[in-house]
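[1] quick one, fold the following:
(chains A and B)
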Amino acid sequence: MTRETAYCFAADLGGTKLAAAIADARGGIVAELTEPTDPRGAAHVAEQIVACADKLAKTVGIEITRAHHVMVGIPGAIDPRTGRVSLIPNIAGLEDFDVLGFLRGRFGPDVAIENDVNLAMLGEHALGCASHCRNAAFLSLGTGAGLGLLIDDKLFRGARGSAGEIADLPIGRDPTSHPSASGTFELEVGSLAIVERYRRQGGAAAATVRDIFRLLEQGDEVAASVLDTTARWVAIAVVTLQSLLDLDLIVFGGSIGVRPELYERVRRALPALFSRPITIAPSQLGDRAGLIGAAWAAGQALRQNPEPALSPLTSRSG
Amino acid sequence: MPTPPIASVTRQLSRRSVFEALLHRSPISRADLAKVTSLSKQTMSEVIDAFEQQGLVRSVGRTSGNVGRTAVLYELSPDGGHVLGIDLGARRLTVALADIAGRVLAEADEPTDSRGGAWALDQIARLSDRLARDNHTHPSRIRSIVMATPGVVNPKSGAIEMAPNITGLDHLNVVGLLGEKLGSPVVLENDINLALLGEIWHGCAQNVDNVAFLALGSGVGLGLYVNGRLVRGENGAAGEIGYLPIGGDPLQAESRLQGCLEYQIGATGVVRRYREAGGSDVDSERQVFERAQSGDAIAACVVDETARLTALAAAAVIATVDPQLLVLGGSVGVRVDFADKVARALLQLSARPVEIRTSTLGRRAGVVGALSVALRRLHDEFFGVAELAARPLPPPTQRSARQ
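    Numbering: from 1, shown residues only, chains lettered A, B, ... in the order given. Next up is the predicted model:
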């Protein structure tokens, strides 16, 4: 029998889209695809992940059983002690669905799940703009706000897996002014907040943040003012992170975070707020950062443990 | 025949395991040492003999009770080597001397020389010398010195930066000058980090993997301990939470200079806010807290606001680093009435509150942490395998002919 090339499977699950890839043992992506996340909720989304793996295996021309390690990015916090997933507002029913158990049932034991922003941080550290850093953060701004942290060259997850849940930073309004004090910062910088701010300031009809960016290009002053305010809150969060952790680099990602109209405003606001320099940069890998990080992590697991554990899939196909 | 390196590494490992068994289980017999370390009786005899010659162990009597032969009991000798811990605070200077087993032999403290700079360094040397002399310890026996200091040590210049509460340390080579004055190298470490290590060694945070230590006193600071390591940051400035943009306008000149949060809740901030609110003259924030307890409504307001801002800082820490335990320390932080207010405020301000404890070592936390690091360094110097080739164990006593 000839020695077969080993592969791994990576996925990045988001509220609106699901990206998946088959990668080699170096974590390099061999084939990838993106499709809209199944809106019917957790069980369907989990099946969709498996279906993506099958499609990609066909594209590459391998049996999916040869994907020995699997890494899936999830938009939520994962408690390292219990494996329980929490803080997922975007996907119905995922908090109560044993996604890890389901995936292990389909792929075998060598499956891991990880917070999606943590994987984006890993991606930038492995192959993007944070490759020279020991201490860095990936700040994701889009529908919500999240943070992946790299401390002393390692992902930093916290005692309950909820390190970097900066949606809850007490920045902006009084945290006691809304229920359970959660999501205070997100209420200032999340996409809903930006659209709402635009409407409050008397702007023309803008349904999405993308509309506001487009209006900004056309010289809309309200759009400029809304982004100034948003950037100021983000800058205050950046100063908070820097005083807590003394980072080498803060990478800006997510659909809003990567926009130069936003991060350049943040960059300009920083010197007045903090006496020492703070380095921020846009994500180099863009919306693929999470998928690339997942592939890299799966490849690393594969290199450390190349022998496949006996899996239901293997026995079924065998 | 030259000894192969592998044999000397093995010997060093044996010595380290015997040493650690003595550290944790003294007094103990040779037979029990052999049992604990799984070393042969022969090896154990060699190691103990060598330790005795070097003055590292001493016998402390014999086992008793059972019929039959009794065994000699050993413990680490107090003369095996000493360590010095120093805590240079804005208001108090504390020095402690311990033996190689971590027993504190003497401790002294006095108000820090308010002139700061070289005067403070002279004071450190004077107090350390006195402590050693009173304890009949020759300075040459002090093998490891660690000092806790506010701010951040610049590794290039040896100066202490970002320590606005002690003047004149930002343009002195503190590391170099202090080493000369004390006659042996001094390792400097941030005071909050050391207070945190103190609590982990001997205080309220034993056996906890993820700890945040929030100190509030003259200034405000944070220590983070994660998976057995301190989080230091890229330039050693992690935990400088005095600069958190909380409690005031971060664009104000004072915020940039002293730190936005510290300008509000550091000792001078508490006193200033009390005066601004119409309170009568006070010397220190301590008086504000005392007045709050004896019914001064203005002082009570200032204290409540201080607790609220501290809780906001704690909420930012929790959202970012998700600790398992939050320890409140520093002269203000250890006040139980204050810690209760912070805990209550945090329940409203944080989506995921954590357990809060107050520092059990209080103002000794820094010096105890300094001792713990000094001891670890001394043990590594004696028994660290990595340094085996470069630094053979310096024998304090003459080698015998048998060796």
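[2] which one of the residues in the stretch 1-150 of chain A is closest to chain B?
    Nearest residue of the stretch 1-150 of chain A to chain B: residue A:135, at 4.8 Å (CB to the nearest CB). Backbone N, C-alpha and C define where each C-beta goes, glycine included.
[3] pretty sure that residue contacts residue A:244?
    No: under the criterion of CB atoms under 8 Å, residue A:135 makes no contact with residue A:244, lying 11.3 Å away.
[4] hmm, back to that, now for the residue of the stretch 1-150 of chain A closest to chain B: which residues touch it?
    A:150-152, A:245-248, B:233-234 (CB atoms under 8 Å, 6 or more residues apart in numbering or on different chains).
[5] chain center to stretch A:293-305: distance?
    How far stretch A:293-305 lies from its chain's middle: 17 Å, per CA atoms, centre = their mean, to the nearest Å.
[6] likewise stretch A:21-35?
    17 Å.
[7] okay, buried residues for it please.
    A:21-25, A:27, A:29-32 (16 or more other CB atoms under 10 Å in any protein chain shown).
[8] convert stretch B:85-105 to PDB, retaining C-alpha atoms only.
    Only the C-alpha atoms of stretch B:85-105 are listed here, as PDB (Å, rounded to 0.1, in the frame of the first residue of the first chain):
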ATOM      1  CA  GLY B  85      12.900  40.700  49.400                       C
ATOM      2  CA  ILE B  86      12.300  44.500  49.100                       C
ATOM      3  CA  ASP B  87       9.000  46.300  48.500                       C
ATOM      4  CA  LEU B  88       9.600  49.900  47.500                       C
ATOM      5  CA  GLY B  89       6.200  51.600  47.900                       C
ATOM      6  CA  ALA B  90       5.300  55.300  47.400                       C
ATOM      7  CA  ARG B  91       4.700  55.500  51.100                       C
ATOM      8  CA  ARG B  92       6.300  52.500  52.800                       C
ATOM      9  CA  LEU B  93       9.500  50.700  52.300                       C
ATOM     10  CA  THR B  94       9.500  47.000  53.500                       C
ATOM     11  CA  VAL B  95      12.500  44.600  53.600                       C
ATOM     12  CA  ALA B  96      12.400  41.000  54.600                       C
ATOM     13  CA  LEU B  97      15.100  38.300  55.000                       C
ATOM     14  CA  ALA B  98      14.400  34.600  54.500                       C
ATOM     15  CA  ASP B  99      16.400  31.500  54.600                       C
ATOM     16  CA  ILE B 100      16.700  29.000  51.700                       C
ATOM     17  CA  ALA B 101      13.600  27.100  53.000                       C
ATOM     18  CA  GLY B 102      11.500  30.200  52.800                       C
ATOM     19  CA  ARG B 103      11.300  30.900  56.500                       C
ATOM     20  CA  VAL B 104      11.100  34.600  57.100                       C
ATOM     21  CA  LEU B 105      13.900  35.500  59.600                       C
END
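[9] do you know how far the nearest residue in space to residue B:241 that is not next to it in sequence is from residue B:191?
    Distance criterion CB to CB, 6 or more residues apart in numbering or on different chains; nearest residue to residue B:241, sequence neighbours excluded, is residue B:222 at 4.5 Å. Per CB to CB, to the nearest Å, residue B:222 is found 12 Å from residue B:191.
[10] overlap in contacts of these two?
    In contact with both residue B:222 and residue B:191: residue B:215, using CB under 8 Å, 6+ apart.
[11] returning to what we had before: the residue nearest to residue B:241 belongs to a strand?
    Yes: when DSSP: H, G, I helix; E, B strand; the rest coil is applied, residue B:222 is found to be in a strand.
[12] run through the bridge partners of it.
    On the basis of DSSP bridges, residue B:222 is bridged to residue B:214.
[13] if I pick it, what's in contact with it?
    A:244, B:192, B:212-215, B:239-241, B:313, B:317.
[14] show residues contacting stretch A:259-274.
    Stretch A:259-274 has contacts (CB under 8 Å, 6+ apart) with A:141, A:213, A:216, A:227-228, A:230-232, A:234-236, A:238-239, A:242-243, A:252, A:256-257, A:277-278, A:280, A:282, B:243, B:245, B:250-251, B:256.
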